[in-house]
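K.L.:
Quick one: sequence plus predicted model below, questions after.
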Amino acid sequence: MAQISPALKAFTTSSGHPIYRLTLKAFKNFWTYAYLVLVDDMQVLIDTGSGFGVCNQDLEDGLALAGDEAKRSIGLSTLTHVLITHGHIDHFGGLPHIHEHSSAKIGIHELDMRIIANYEERLILVSQRLNDFMKNAGVTDAQRETLLKVYRMAKLTYHSVPVDFTYEAQGMRLAPFEMLHTPGHCSGHVVIRLEDVLFTGDHVLGDISPHQSPESLTAFTGLGHYLKSLEDLRAWAGDVRLTLAGHAGPIPHLHARLDEIREVHTKRLAEIQTILEIPHTIAEVAHELFGDVEGYYGYNQLLALEEAGAHVEYLYQRGLLHIHNLDEIKKNSTPRPIFYSRLT
Ligand SMILES: [Zn+2]
Ligand SMILES: [Zn+2]
């Protein structure tokens, strides 16, 4: 690993293909990484940043720095492929800008294709599901309005771009790159492998446990899928040497990190079962777990609610909880706060 400038770091695969890590400012106080990989005549960009604020400029500057380092011409127009790890805005939001200035082929997993190619439709549907989820979670009307605005606002700069290829349709590979479908954090999340290096997007991060949201909002998310995908990755990765994630530093010991992340969820599930010895809504569980969450104009509150919701859903799906106020729910046709309690 070589530090070339604060914005660029270089790595190599076992056979010497260069990898450049580009640091991109995705949102206020929030950074993400894109990776440029050079393999023969391919220039492959893995993820794009958010497209928000200075992020597209950071991307162009990072590509130029990589070009200086590699002593070849590199920019948006020279990219041959863009591989998206998953359909979250901080990873694909740069696509409209790239699409405008490049003929690079854009690839993503089937289950996230609609997010980047039919974005407006997706935003409407998920907003409605989120609204019902928050009503069931016991979020107050005023807070619900605020959080829905926050959800939409962070995504307004994007417009749909066409997808050139999807991963399953071509056998989960592109030339020497292989992909593993790892649903959970996002429906169509993939981990990408080139020789002895993994690109894990947000499936495995070095510093925090990746965000979970309930499957009731989007199929193929949810904690059950996520935990299974951790084990699928463990088996598939073998003795990989280096793991490069979408945020935070490289992960030298993947298997140990997988153990740590699993442990976070095991503890959180146990904690929720204790909380639910007394009936609580998901909003109340989120508050018990994470306290008064602030920052990102309320976005962190939404993340805390989804995280709590994913864990409560996991326990409920497995028959460990029941709904305490079922009679009240039965009498009303509109979504109402659901109180969960532990089955002992
Ligand atoms: Zn993500
Ligand atoms: Zn991310």
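P.N.:
Right, received. Where do you want to start? Ligands and ions are numbered 1, 2, ... in the order given.

K.L.:
Let me see the backbone angles for the spatially most central residue of the chain.
P.N.:
Central residue of the chain (Cα atoms, centre = their mean): D202, 4.7 Å from the mean position. Dihedral pair for D202: phi -110, psi 10, per degrees, to the nearest 10.

K.L.:
Also the one 10 residues further on?
P.N.:
Backbone torsions of Q212, given as degrees, to the nearest 10, read phi -120, psi 140.

K.L.:
so where's this structure uncertain?
P.N.:
Within the chain, the segments meeting pLDDT under 70 span 1-5, 154, 295-297.

K.L.:
can we see that at 80?
P.N.:
Counting by pLDDT under 80, the chain has low-confidence residues at 1-6, 153-157, 294-298, 344.

K.L.:
Contact residues of it facing ligand 2?
P.N.:
D90, D202, G246 (Cβ under 5 Å from the ion). Where you see a C-beta, it was placed from the backbone N, CA and C, and this is true even at glycine.

K.L.:
do that again at 8 Å, thanks
P.N.:
Within the chain, the positions adjacent to ligand 2 are A26, T32, H86, H88, D90, H91, G201, D202, G246, H247 by Cβ under 8 Å from the ion.

K.L.:
Show me which residues of the stretch 101-250 of the chain are close to ligand 1?
P.N.:
Checking the stretch 101-250 of the chain against ligand 1 by Cβ under 8 Å from the ion, the hits are H185, C186, H189, G201, D202, P210, H211, G246.

K.L.:
Count the residues that sit near the residue nearest to the second one when sequence neighbours are not counted.
P.N.:
Spatial nearest neighbour of C186, excluding adjacent residues (Cβ to Cβ, 6 or more residues apart in numbering): H86 at 3.9 Å. Applying the criterion other Cβ atoms under 10 Å, we find 27 residues in the vicinity of H86.

K.L.:
and H86, what are its phi and psi?
P.N.:
Torsion angles, degrees, to the nearest 10, at H86: phi -170, psi 160.

K.L.:
circling back to that earlier point, with secondary structure added, can I get the residues of the chain next to ligand 2 in TSV?
P.N.:
Shown next, in TSV, are these (DSSP: H, G, I helix; E, B strand; the rest coil):
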residue	secondary structure
A26	strand
T32	strand
H86	coil
H88	coil
D90	helix
H91	helix
G201	strand
D202	coil
G246	coil
H247	coil
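
K.L.:
Now tabulate those residues in JSON lines and tack on distance to E168.
P.N.:
JSON lines is the format used below for those (distance: Cβ to Cβ, whole Å):
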{"residue": "A26", "distance to E168": "27"}
{"residue": "T32", "distance to E168": "25"}
{"residue": "H86", "distance to E168": "14"}
{"residue": "H88", "distance to E168": "19"}
{"residue": "D90", "distance to E168": "24"}
{"residue": "H91", "distance to E168": "19"}
{"residue": "G201", "distance to E168": "17"}
{"residue": "D202", "distance to E168": "20"}
{"residue": "G246", "distance to E168": "21"}
{"residue": "H247", "distance to E168": "26"}
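
K.L.:
Closest one to L111 out of these, please.
P.N.:
Proximity of the residues of the chain next to ligand 2 to L111 (Cβ to Cβ) peaks at H86, which lies at 9.4 Å.

K.L.:
By proximity to ligand 1, which residue of the stretch 201-344 of the chain wins?
P.N.:
Ranked by Cβ to the ion, the top residue of the stretch 201-344 of the chain for proximity to ligand 1 is D202, at 3.5 Å.

K.L.:
Nearest residue to E215 in space, please, no chain neighbours.
P.N.:
Nearest to E215 is G222, by Cβ to Cβ, 6+ apart, at 3.1 Å.

K.L.:
what's the answer for N325, then?
P.N.:
F339 (4.8 Å).

K.L.:
what's in contact with stretch 192-199?
P.N.:
11, 13-15, 17, 19, 35, 37, 39, 46, 83, 85, 176-180, 191, 201, 236-237, 240-245, 254 (Cβ atoms under 8 Å, 6 or more residues apart in numbering).

K.L.:
can you check stretch 27-37 too?
P.N.:
17-26, 43-50, 52-53, 59, 62-63, 66, 74, 90-91, 94, 154, 177, 194, 199, 244-247, 295-296.
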